[in-house]
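K.L.:
what would the 3D arrangement of this be:
(chains A and B)
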Protein chains: 2
Amino acid sequence: MSKRRQLHLNAFLRNVGQHEAAWRLPETRIASVTDIQHYRNLAKIAEKGRLDAIFFADHPVLKDRAQDRPWDSLDPFTLIAALSGVTERIGLVATASTTYNDPYGLARRFATLDHVSRGRAAWNAVTTANAAAAANFSLGHHPDPDARYERAAEFLDIVNRLWDSWDDDAIVGDKDGGTFVDPNGIHRLDHHGKHFDVAGPLEVPRSPQGRPVVFQAGSSEPGKDLAARFAEAIFTAQPVLDEAQAFYADVKSRVRAYGRDPARVHILPGLSTFIGGTEAEAKELQETFENLTLPTYGLAQLQRVTGIDYSSHDLDDVVRVPSRGEVASDMKSRHDLVHHLTSTETVTLRQLLRRLSAGRGHRIATGTPDQIAETIIHWFENGAADGFNLIPPALPTSLESFVEHVVPILQRRGVFRTEYEGTTLREHLGLDRPNVTRASRPFVAAAE
Amino acid sequence: MSKRRQLHLNAFLRNVGQHEAAWRLPETRIASVTDIQHYRNLAKIAEKGRLDAIFFADHPVLKDRAQDRPWDSLDPFTLIAALSGVTERIGLVATASTTYNDPYGLARRFATLDHVSRGRAAWNAVTTANAAAAANFSLGHHPDPDARYERAAEFLDIVNRLWDSWDDDAIVGDKDGGTFVDPNGIHRLDHHGKHFDVAGPLEVPRSPQGRPVVFQAGSSEPGKDLAARFAEAIFTAQPVLDEAQAFYADVKSRVRAYGRDPARVHILPGLSTFIGGTEAEAKELQETFENLTLPTYGLAQLQRVTGIDYSSHDLDDVVRVPSRGEVASDMKSRHDLVHHLTSTETVTLRQLLRRLSAGRGHRIATGTPDQIAETIIHWFENGAADGFNLIPPALPTSLESFVEHVVPILQRRGVFRTEYEGTTLREHLGLDRPNVTRASRPFVAAAE
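P.N.:
Predicted coordinates:
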């Protein structure tokens, strides 16, 4: 490549911040949790920082211990659709579940978002880890991971084909001849699979990006396989450099095995940053958050990840979380992280809960802007990351701090854009637009 | 009432216009079909006219004869969410199907839209008439009307209860005490019904309107019954005054029978207007549209409504469409309208297709601004309508013309607002906000 490889940065925005105690900070406005003005402000800060995208999680069920903290309480798709109207360039990523949606409805919504945002839409495909969601969707039980990923693969295949069901040049618009579209440019799927029957075509004409960008999150074996087949960017929790490098190498080789270009599949670990003028200030900032944590919440989360109830344990006793083989868990990657942490370090239960409070398994960088930029570039240049999903501990403050102090360093170092060069998210991410024209597929059956 | 009864007007926006030939007019921009700038412009024109709401149809399947005209090709929910960011006061109504959605996902999206639009969201609940949709949603066949309406009633009941699952005052935000919400203010449904099992609660806190406004469209017997039970506004096709009066009286009495206040359920027939400086100019305008119609399209639509293929008939022969008893049809109200028209008037097939081209069964008013205002007020004051869903034949021109020329007359006559008095759609429609507080329901089970 003639041009230097560029870092990709998204802002992963969880209402008033990822940190469980962010809402208890004096400066946090409680009303922000559901206030569109708060999210508009965040989107504009991220766009000012020239980030690739803003990114929202999906929780189709009220989380445990709602009394202990706000969580992602707004539907992420609706939120990014609303934010499309008040932003110009930044990408818009919403998470949505393949277990609790149908492929036609989802393909239709994201294709429409790609039109109304003028090419900035992306779908982060997940299978939903929280088993409690099943009870909201008339399902007797939450499917096991293999069943979820089998359905997800069929789902993604259908969605891609629905997005491809209109040729780029299907709209003819011949007023005199009375032909609005060429019906030979619109293609049925007539898909009949194990999980779905979908005739198609979509009723949405081909969207600006050809297809919305597909993200994937989930680092289990079937998750990595799904990502290698379908994803164009991968969101993963990687707190440790060497494991991040192993994950990176593993996924890129799986991508290659599927005949896809590894340079066109970006791996973006999560990164929470506590930024200070000095290292001591940054640590003090992180402690401010940790001092406000509620053990009830941390214990419930730990139980969710490990399946073990630690609420009767003394918070000051050393804790060692057993490996997955010994307990039931549906959050494999998170469980492994906690097991690893308590096996390689001696920590009390209280210390563990504090450690987990900021990132919930994601990489945490605490330090000066230079130190944080250094960490980012080190991972970027050493086969651990193509960029990061930034997970600000508190919002808007942690995002403002990153954009104001860290982004300029990354720009000076030549690894991050100073202006958007394109208008679509595909262009920001350096991903080719998939083109389909009547000429490119002459043999397919017409819609009518 | 101390204040004079006010008219309610929505703009029903179908891409470049309701009229099947609108896209062929010289001034129509073909790219507008998927261009957000076009829809932003329409929303702003409607808001400038102080209309109650903009309103979008739903077609979860590509319509027949796509080559003959553009149709509602963007997902309506995504579109109104995007438009929420560029409007301030006007209500936002999206149609969505109870047959091809799930209640939890839909309740969550509309509750979120109510937050991000600050109280302007409404859902127009339909059961979807187009049988072809079934093939996009893994359903072997489109359910018959009774089955669809049975599911719809359960669906609406669940959605209302999900919207009510957070008390208005559930968010406590006690930073010092470490209590974000009062769990006693959040209520599970644990619904187990014939069609759905939904545990709840919603993860979305109570929205600005309490509940988004519920519209209903569909004038069959089960449709009227559903409307009487659940709807706060009803969209109906009523081309003839005396039948509109009968419909109005019938629905209002059904509303009363369900113990609801008929004054809080607005009946809004569709209205397409061709506006001219003189009556002759208006008729000429309508003829301009009719001269551009394509018989292939009209014949396909007539077949869809009646089940009868007239394509081998001579366009200049007189046609009489049999009544419903004699043929199969899933669009009962539309069929009855066509039967009525061809039974009470002598029309050729060509004339019938031209007559149907503008309104597809809706009331058409062709004349000067004064004549159109007179028609509106006449229906409004004579028990036929509480207002209208305006269905502009061409967009933006027909909407601009209505806002510029007819709205000022209605304002001078004292039946339509000159400024928005409230900020929410409920306030525009004069509907009370349903309030639920911890005190108002002390006996329900807590979420945890």
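
K.L.:
remind me which residues of the stretch 51-200 of chain A are low pLDDT?
P.N.:
Across the stretch 51-200 of chain A, nothing is flagged by pLDDT under 70.

K.L.:
show me the helices in it, by range?
P.N.:
A:76-84, A:103-116, A:145-163 (DSSP state H, counting those that start in this stretch).

K.L.:
how close does the residue of chain A positioned farthest from its centre get to A:A170?
P.N.:
Distance from the C-alpha centroid of chain A, by C-alpha atoms, centre = their mean, peaks at A:D176 (46.9 Å). Counting by C-beta to C-beta, to the nearest Å, the separation of A:D176 from A:A170 is 19 Å. Just so you know, the C-beta spots here come from the backbone N, C-alpha and C atoms, and that holds for glycine as well.

K.L.:
the closest residue to A:A107 other than its chain neighbours - how many residues pack around it?
P.N.:
For A:A107, ignoring the flanking residues on the chain, the nearest one in space by C-beta to C-beta, 6 or more residues apart in numbering or on different chains is A:L162 at 4.0 Å. Summarising burial for A:L162: neighbours were counted as other C-beta atoms under 10 Å in any protein chain shown, giving 27.

K.L.:
A:L162 contacts A:P103, correct?
P.N.:
Yes: between A:L162 and A:P103 there is a contact under C-beta atoms under 8 Å: 6.9 Å.

K.L.:
now the common contact residues for those two.
P.N.:
Overlap of the contact sets of A:L162 and A:P103 (by C-beta atoms under 8 Å, 6 or more residues apart in numbering or on different chains) consists of A:V198.

K.L.:
quick revisit: mind listing what the residue nearest to A:A107 touches?
P.N.:
Shown in contact with A:L162 (C-beta under 8 Å, 6+ apart): A:P103, A:Y104, A:A107, A:R108, A:A111, A:L189, A:V198, A:G200, A:P201, A:L202.

K.L.:
pLDDT score for the residue lying closest to the fifth one once chain neighbours are set aside?
P.N.:
Right, A:A111. Using C-beta to C-beta, 6+ apart and skipping the chain neighbours, the partner closest in space to A:A111 is A:V204 (4.2 Å). You'll see A:V204 listed with a pLDDT of 97.

K.L.:
same check, this time on A:R441
P.N.:
pLDDT for A:R441: 63.

K.L.:
mind listing the strands for chain A?
P.N.:
Along chain A, the segments classed as strands by DSSP state E run A:8-12, A:53-56, A:91-97, A:121-126, A:171-174, A:179-181, A:191-192, A:197-198, A:213-217, A:233-236, A:266-275, A:363-367, A:387-390.

K.L.:
make a markdown table out of the ones you listed and add mean neighbour count.
P.N.:
What follows is the strands of chain A, written out as a markdown table (neighbours: other C-beta atoms under 10 Å in any protein chain shown):
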| stretch | mean neighbour count |
| --- | --- |
| strand A:8-12 | 27 |
| strand A:53-56 | 28 |
| strand A:91-97 | 26 |
| strand A:121-126 | 27 |
| strand A:171-174 | 17 |
| strand A:179-181 | 22 |
| strand A:191-192 | 14 |
| strand A:197-198 | 22 |
| strand A:213-217 | 27 |
| strand A:233-236 | 28 |
| strand A:266-275 | 26 |
| strand A:363-367 | 21 |
| strand A:387-390 | 27 |
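
K.L.:
so which of the ones you listed is nearest chain B?
P.N.:
Smallest distance to chain B across these (C-beta to the nearest C-beta): 3.7 Å, for strand A:171-174.

K.L.:
what is the closest one packed up against?
P.N.:
Contacts defined by 3 or more C-beta pairs under 8 Å, 6 or more residues apart in numbering or on different chains; DSSP states H and E place strand A:171-174 against strand A:179-181.

K.L.:
note down every partner strand of the strand it packs on and its orientation.
P.N.:
Applying DSSP bridges to the sheet, strand A:179-181 is found paired with strand A:171-174 (antiparallel).

K.L.:
now the residue in the stretch 1-150 of chain A that chain B sits nearest to. Nearest residue, chain neighbours left out?
P.N.:
Proximity of the stretch 1-150 of chain A to chain B (C-beta to the nearest C-beta) peaks at A:G85, 2.6 Å away. Of all residues beyond its chain neighbours, the one nearest A:G85 is B:G85 (2.6 Å), with distances taken as C-beta to C-beta, 6+ apart.

K.L.:
gap between stretch A:354-370 and the chain center?
P.N.:
18 Å (C-alpha atoms, centre = their mean, to the nearest Å).

K.L.:
buried set for that stretch?
P.N.:
Residues of stretch A:354-370 classed as buried by neighbour count (16 or more other C-beta atoms under 10 Å in any protein chain shown): A:354-369.
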